[in-house]
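Novice: sharing a sequence plus its predicted fold:
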Amino acid sequence: MAEYSKKKFVTNMLLMTGTMLIIRIIGMISNIYFTSVIGSGSTGMYHMIFSVYGFMVTFSISGTGLAVTRLVSEIGVASGSACNSVVRKSLSICISISVATSICVCVFGEYLGKFLFNSESSSKALILLSLSLPAVSVSSVIRGYFMAARRIGTVTVGQLTEEISSVVITLYLLSYIKNTPYSYMSMIAGIAFSAIIAAVFDTVMYRINMSSTLGGNSVPHPGYRDIFSISVPVALGAYIRSALVSLENILIPGCLAASGLADALGEYGIIKGMSIPLMLFPTVFISSLANMLVPELADRRAGNKPNGIRYIASRAIELTLYFAFMAAGIFLLCHDVLSEKFYHNSKVGLYLGLLSMLVIPMYLDTVVDSMLKGLNEQVSSLRYNIIDSCIRVAFIWLIIPHKGVASYIFLLYASEVFNLCLSLRRLVRVTKLRLQPVMIMKPLFISATAYMIAACFDGDKLMQAGIFTASYIALVLINGAWMRQETL
């Protein structure tokens, strides 16, 4: 990267990270409160319904957001008229699909809810969520443009608006129905209406931006064929992937119950709705990096800069591994304390401890997938995700009814490592990047050393976590200074 580009990249990443940190804190605190009020059973039901909503969103967006980011990055934002043409065509595609999807869910939602969940309230939840699909697709396209234009401030303000409005709406509705079996509907309504508010904000910001950028460099306007060449392969793969994930989330409670688990839905709610959200909280830092990598790599691919691509890919992997090992060590040290502080539930701590090492492949896979999308390898990424999901569904169906929760924990690890290996292999092949063992050995050695230092201090687990974090960062900085000295 040029020096200016480096500064702009870092500034945008810090801006996105700061905003996403605020969003994630708001989301985590509200999630802790909401799940404690509605209970683990309703939390499990909410996540099953939300998984079906995820499929509806995937179908409505149909890969157009990624297509906009890629095409605008390759065209250049200076070509205002061409960029506006891409956005308008993409909006016409995804709004048409999302409206059709919404109509279908409204017509068949009652049968769908009874078939999938055997619950009348779930039908109403699906219908309510379907009304937000056109809004979600609009935000996806416009944010895709802003990401390519490096207008990160606009994207983050839109996300913050959506998160805050969701919490406010949920809190208001929950005050009326918190003691009923339908209390999770307040969270459903919060998601639906906040999506509409966010879409209005994104549309207004886009129109303001376009009023000053129309015209610009004269380049050929990409047509629907260019958009479809990116979005269709992504969409087809995403449909299958999302459907498999939805099927997986629907199957798990029933398969856990078949294994003899008394409160299968509640146990699923603890793992999926409480433990894993805590693990995902630190991904606010990783997600910012991952989102920024797509336009950066697309720009270098269009400019035929293989050395720049390899440099960015190598640095991204190194930074992600350093961060992931630190997060894993913190979760391993104080999983029980975190569960008591946030949920007052020892089972959350048990699963958080068992899954603490999962964050390493999970965080790295997030970044590698984003790099593949920026390099026009989104089809490969989706193919690997589909293979992984098929194996997961088969495992859930055949093994979990006999082996219970332990086999589900094993599945989470095996699946994540398998997916990561496939994605890394493709990234190496495309970029000709050389992965050195030292890239993983360094953070592993540093985390083990920091862990032993923290273990020498008997006392509060949070204090040990603080010592571990301080020792880890100090060792990373010492290693970085030593490497610079060696280079000199």
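Specialist: Structure received.
Novice: next SSE downstream of the strand or helix carrying S137?
Specialist: Using DSSP states H and E, S137 falls within helix 133-148. Sequence order places helix 152-177 as the next helix or strand after helix 133-148, per DSSP H and E.
Novice: how about that following helix: buried residues?
Specialist: 152, 154-167, 169-171, 173-174 (16 or more other Cβ atoms under 10 Å). The C-beta positions use only the backbone N, C-alpha and C, and glycine is treated the same way.
Novice: the helix or strand where I188 lies: what's the following helix or strand?
Specialist: Using DSSP H and E, I188 maps to helix 185-213. Remark: after helix 185-213, the chain's next helix or strand is helix 224-258, criterion DSSP H and E.
Novice: so how far is that next one off the chain centroid?
Specialist: 15 Å (Cα atoms, centre = their mean, to the nearest Å).
Novice: ok, stretch 183-190 next?
Specialist: 21 Å.
Novice: and what of stretch 129-147?
Specialist: Chain-centre distance of stretch 129-147: 16 Å, with Cα atoms, centre = their mean.
Novice: just the C-alphas of it, formatted as CSV.
Specialist: C-alpha atoms of stretch 129-147 as CSV (Å, rounded to 0.1, in the frame of the first residue of the first chain):
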residue,chain,number,x,y,z
LEU,A,129,-39.6,-10.6,10.2
SER,A,130,-40.4,-11.0,6.5
LEU,A,131,-41.8,-7.5,6.4
SER,A,132,-38.2,-6.2,7.0
LEU,A,133,-36.6,-8.1,4.1
PRO,A,134,-36.9,-5.2,1.5
ALA,A,135,-35.3,-2.9,4.0
VAL,A,136,-32.5,-5.3,4.8
SER,A,137,-31.7,-5.7,1.1
VAL,A,138,-31.6,-1.9,0.6
SER,A,139,-29.1,-1.5,3.4
SER,A,140,-27.0,-4.4,2.1
VAL,A,141,-26.6,-2.7,-1.3
ILE,A,142,-26.0,0.8,-0.1
ARG,A,143,-23.5,-0.3,2.6
GLY,A,144,-21.7,-2.3,-0.1
TYR,A,145,-21.2,0.9,-2.0
PHE,A,146,-20.0,2.8,1.1
MET,A,147,-17.6,0.0,2.0
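Novice: tell me where the model's unsure across the protein.
Specialist: Applying pLDDT under 70 to the chain flags residues 1-10, 12-13, 40-41, 76-80, 118-120, 179-182, 211-221, 459, 480-488.
Novice: how far away is the residue positioned nearest the centre of it from I26?
Specialist: Compute the mean C-alpha point of the chain, and by Cα atoms, centre = their mean the closest residue is S287, 6.9 Å away. To I26, S287 is 15 Å away according to Cβ to Cβ, to the nearest Å.
Novice: need the longest helix for this structure.
Specialist: In the chain, taking DSSP state H as the definition, the longest helix is helix 3-61.
Novice: so T469 makes contact with L333?
Specialist: No - counting by Cβ atoms under 8 Å, T469 does not reach L333; the two are 9.4 Å apart.
Novice: with neighbour numbers in mind, choose between those two.
Specialist: Higher neighbour count among T469 and L333: L333, with 25 against 17, using other Cβ atoms under 10 Å.
Novice: grab the nearest non-local neighbour of M205.
Specialist: T154 (5.1 Å; Cβ to Cβ, 6 or more residues apart in numbering).
Novice: still on that earlier bit, show the contacting residues for the residue nearest to the centre of the chain.
Specialist: M20, T366 (Cβ atoms under 8 Å, 6 or more residues apart in numbering).
Novice: tell me the phi and psi of it?
Specialist: When read as degrees, to the nearest 10, the backbone of S287 gives phi -60, psi -40.
Novice: buried residues in stretch 317-327?
Specialist: I317, E318, T320, L321, Y322, F323, A324, F325, M326, A327.
Novice: in JSON lines: the residues you listed, plus secondary structure and distance to Q378.
Specialist: Below are the buried residues of stretch 317-327 laid out as JSON lines (DSSP: H, G, I helix; E, B strand; the rest coil; distance: Cβ to Cβ, whole Å):
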{"residue": "I317", "secondary structure": "helix", "distance to Q378": "19"}
{"residue": "E318", "secondary structure": "helix", "distance to Q378": "23"}
{"residue": "T320", "secondary structure": "helix", "distance to Q378": "19"}
{"residue": "L321", "secondary structure": "helix", "distance to Q378": "23"}
{"residue": "Y322", "secondary structure": "helix", "distance to Q378": "26"}
{"residue": "F323", "secondary structure": "helix", "distance to Q378": "24"}
{"residue": "A324", "secondary structure": "helix", "distance to Q378": "23"}
{"residue": "F325", "secondary structure": "helix", "distance to Q378": "28"}
{"residue": "M326", "secondary structure": "helix", "distance to Q378": "29"}
{"residue": "A327", "secondary structure": "helix", "distance to Q378": "27"}
